[in-house]
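>>> this one's structure only:
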Ligand code: SF4
Ligand code: SF4
Ligand code: SF4
Ligand code: FES
């Protein structure tokens, strides 16, 4: 539908500020997404460390936040990240059965599945919010999960707000 | 004109229920009238906007403003009443956090107009006429207020002193606020939520609570819940766990799950996220233990299948004041 019936009268009304967003949506080739990664201290954070010490290259787009368990990640953190400018969010947990607090990762994956449904209704694609399991020994896996996520978010472009 | 302090009530994008709630203080309305000059309320009185414009600034002692900011006119009135009022209170869920009108933030203005003016089965609009702010007619130029793309809360538009939650606020709570003002006691810190508690509806709900382990969720019409047991434990999505207390747990009292009208409890930024978190904590995990990563996803997806519209359910009242505030631009 065309927009012409909304006459200019108040074009700069701040009502529409929510939509224009702070970031210019310049979908140029050089788009580097901002991704927030919540990493469990006991598994994926150690996995990231392992990838680091082995000097395995991976894209620098992910800002890591270390948490004591994936079960600690409040869905509010994820929405807050999106609201504050993240183009993608990752939650990396211990593999099922390996959580140091027994069930934190089960709680996390349950919240995540429900959150995905919610995000979809807000127009945020599933590829922008990734949940996965990476153990302390899986440096390579860490790198491939990061690579895949960065690639997927790059393809989607910046999250328009 | 009387020497009594002036009180006013205005509606923006709202349903009129908040005015009914005020009238529902019943005989106390006489006390209200004895103490205040109830001078502006388009739902009940005939005072005109021009008369408000002519008042000196801050000459209205209290304004109860209900309704969200949907149109240019809503915004104009919000600014006018802010200027003319000493204490501006966001009254009810619509003004405080958007409420039902804010569910439209999951659509664009174009989609809303299309549904309302073109696609609804009862619509007869062969020329596809849509509202425009200005149009030329034989008699001259017609103007109607611009309809914004996003519904905002009152405090997203002007400075608000206090918030009274509820859809609508409970008359008892409204009266408590009026009494507090009348008592001359010092008012709570600015920006507080008043006329409510700080905890959750569960705190004031008498239902028996035990460890919550839910295997399946039901829609309200699917089961007749047991009378005593917590509704959430029975698989009904009761928002009490993510909702501020203050209503007296009215809905669970009559076997209905709380839908969240008092907004998030103190300190919670986002009611929907809080509900996602709570449900993630109570879905029984015994069935997913030991499953493969893929099977875990399948199992959880089937458990949450009976929640087809989480945004509508968890943000029924608080979408405009949530972290995301609306659907992102497409
Ligand atoms: S808060 Fe509820 S009762 Fe009050 S105007 Fe909004 S929808 Fe109506
Ligand atoms: S979840 Fe609902 S039914 Fe259960 S205790 Fe809380 S308010 Fe009461
Ligand atoms: S139980 Fe929930 S929905 Fe019902 S009145 Fe109280 S806060 Fe509102
Ligand atoms: S300790 Fe790693 S997910 Fe719980």
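Received, thanks. Computed from a prediction, not measured in an experiment: that's the story for all the values here. Ligands and ions are numbered 1, 2, ... in the order given.

>>> what about the helices in chain B?
When assigned using DSSP state H, the helices of chain B occupy the ranges B:17-23, B:28-35, B:49-53, B:72-84, B:92-97, B:109-113, B:171-183, B:201-204, B:250-253, B:271-282, B:293-304, B:310-314.

>>> how near is residue B:54 to ligand 3?
Applying Cβ to the nearest ligand atom, to the nearest Å, the value for residue B:54 to ligand 3 is 39 Å. For glycine as for every other residue, the C-beta is placed from the backbone atoms N, C-alpha and C.

>>> can you give me the neighbour number for that residue?
Summarising burial for residue B:54: neighbours were counted as other Cβ atoms under 10 Å in any protein chain shown, giving 9.

>>> among the helices of chain B, which is the most enclosed?
helix B:92-97 (a mean of 32; mean count of other Cβ atoms under 10 Å in any protein chain shown).

>>> and the residue of chain A closest to chain B?
As assessed by Cβ to the nearest Cβ, chain B sits closest to residue A:111 within chain A, at 3.3 Å.

>>> neighbours around that residue, how many?
Counted with other Cβ under 10 Å, the neighbours of residue A:111 add up to 27.

>>> phi, psi for it please.
Its backbone dihedrals place residue A:111 at phi -60, psi -40, with angles given as degrees, to the nearest 10.

>>> thought it was touching residue B:276?
Yes: counting by Cβ atoms under 8 Å, a contact exists between residue A:111 and residue B:276, whose distance comes to 5.5 Å.

>>> pull up the overlap in contacts between the two.
With contacts defined as Cβ atoms under 8 Å, 6 or more residues apart in numbering or on different chains, the residues shared by residue A:111 and residue B:276 are residue A:75.

>>> about what we covered before: dump the helices of chain B to TSV, plus distance to residue A:56.
Below are these laid out as TSV (distance: least, Cβ to Cβ, whole Å):
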stretch	distance to residue A:56
helix B:17-23	60
helix B:28-35	71
helix B:49-53	67
helix B:72-84	54
helix B:92-97	46
helix B:109-113	46
helix B:171-183	59
helix B:201-204	48
helix B:250-253	54
helix B:271-282	33
helix B:293-304	23
helix B:310-314	38
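
>>> adding mean pLDDT, write those out as JSON lines.
Shown next, in JSON lines, are the helices of chain B (pLDDT from 0 to 100):
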{"stretch": "helix B:17-23", "mean pLDDT": "97"}
{"stretch": "helix B:28-35", "mean pLDDT": "95"}
{"stretch": "helix B:49-53", "mean pLDDT": "97"}
{"stretch": "helix B:72-84", "mean pLDDT": "98"}
{"stretch": "helix B:92-97", "mean pLDDT": "98"}
{"stretch": "helix B:109-113", "mean pLDDT": "97"}
{"stretch": "helix B:171-183", "mean pLDDT": "95"}
{"stretch": "helix B:201-204", "mean pLDDT": "98"}
{"stretch": "helix B:250-253", "mean pLDDT": "98"}
{"stretch": "helix B:271-282", "mean pLDDT": "97"}
{"stretch": "helix B:293-304", "mean pLDDT": "96"}
{"stretch": "helix B:310-314", "mean pLDDT": "98"}
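
>>> nearest to residue A:68, out of these?
Checking the helices of chain B against residue A:68 by Cβ to Cβ gives helix B:271-282 as the closest, at 16.2 Å.

>>> quick one: that closest one near chain A?
Yes: using Cβ under 8 Å from any Cβ of the partner chain, helix B:271-282 reaches chain A at B:272-274, B:276-277, B:279-281.

>>> which helix or which strand is home to the one residue in chain A that gets nearest to ligand 2?
Among the residues of chain A, residue A:114 lies closest to ligand 2, at 16.6 Å counting by Cβ to the nearest ligand atom. Residue A:114 belongs to helix A:104-121 when elements are defined using DSSP states H and E.

>>> tell me the helix or strand right after that helix.
In the C-terminal direction, the helix or strand that comes right after helix A:104-121 (DSSP H and E) is strand A:129-133.

>>> alongside ligand 1, which residues does the stretch 151-300 of chain B contribute?
By the rule Cβ under 6 Å from any ligand atom, the part of the stretch 151-300 of chain B lying against ligand 1 is B:167-168.

>>> what about the closest residue to ligand 2 within the stretch 151-300 of chain B, how many neighbours?
Per Cβ to the nearest ligand atom, residue B:240 is where the stretch 151-300 of chain B lies closest to ligand 2, at 2.3 Å. Close neighbours of residue B:240, defined as other Cβ under 10 Å, add up to 27.

>>> ok so, going back, ok, now which ones touch the residue of chain A closest to ligand 2?
B:276, B:279-280, B:304, B:307, B:310 are the contacts of residue A:114 under Cβ under 8 Å, 6+ apart.

>>> so residue B:283 makes contact with residue B:302?
No: counting by Cβ under 8 Å, residue B:283 sits too far from residue B:302 to count as a contact (11.2 Å).

>>> which single residue in the stretch 101-250 of chain B comes nearest to ligand 3?
With Cβ to the nearest ligand atom, the shortest gap between the stretch 101-250 of chain B and ligand 3 falls at residue B:247, namely 3.2 Å.

>>> what is the neighbour count of that residue?
Around residue B:247 there are 24 residues (other Cβ under 10 Å).

>>> ranges for the strands of the stretch 101-250 of chain B?
B:134-137, B:140-143, B:147-152, B:162-164 (DSSP state E, counting those that start in this stretch).

>>> give me the sheet partners of the second one and which way each runs.
It refers to strand B:140-143. Its sheet considered, strand B:140-143 pairs with strand B:134-137 (antiparallel) by DSSP bridges.

>>> give me the buried positions along the strand it pairs with.
By neighbour count, with 16 or more other Cβ atoms under 10 Å in any protein chain shown as the criterion, strand B:134-137 contains no buried position.

>>> that strand: how far from the chain's middle?
The chain centroid and the centroid of strand B:134-137 are separated by 35 Å under Cα atoms, centre = their mean, to the nearest Å.

>>> swap in stretch B:224-236?
Counting by Cα atoms, centre = their mean, stretch B:224-236 comes out at 25 Å from the chain centroid.

>>> that stretch and ligand 2 in contact?
Yes: for stretch B:224-236 and ligand 2, the contact criterion (Cβ under 6 Å from any ligand atom) is met by B:230-232.

>>> would TSV of the residues you listed with neighbour count, pLDDT and distance to residue B:145 be doable?
Rendered in TSV, the data for the residues of stretch B:224-236 next to ligand 2 read as follows (neighbours: other Cβ atoms under 10 Å in any protein chain shown; pLDDT from 0 to 100; distance: Cβ to Cβ, whole Å):
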residue	neighbour count	pLDDT	distance to residue B:145
B:230	21	97	45
B:231	23	97	42
B:232	24	97	42
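
>>> among those, which ones lie close to ligand 3?
With respect to ligand 3, and counting by Cβ under 6 Å from any ligand atom, no part of the residues of stretch B:224-236 next to ligand 2 is in contact.

>>> could I get those as CSV with distance to residue A:71?
Formatted as CSV, the entries for those read as follows, by distance: Cβ to Cβ, whole Å:
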residue, distance to residue A:71
B:230, 23
B:231, 25
B:232, 20
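
>>> kindly indicate which of the residues you listed lies nearest ligand 4.
Nearest to ligand 4 among the residues of stretch B:224-236 next to ligand 2, counting by Cβ to the nearest ligand atom, is residue B:232 at 24.6 Å.
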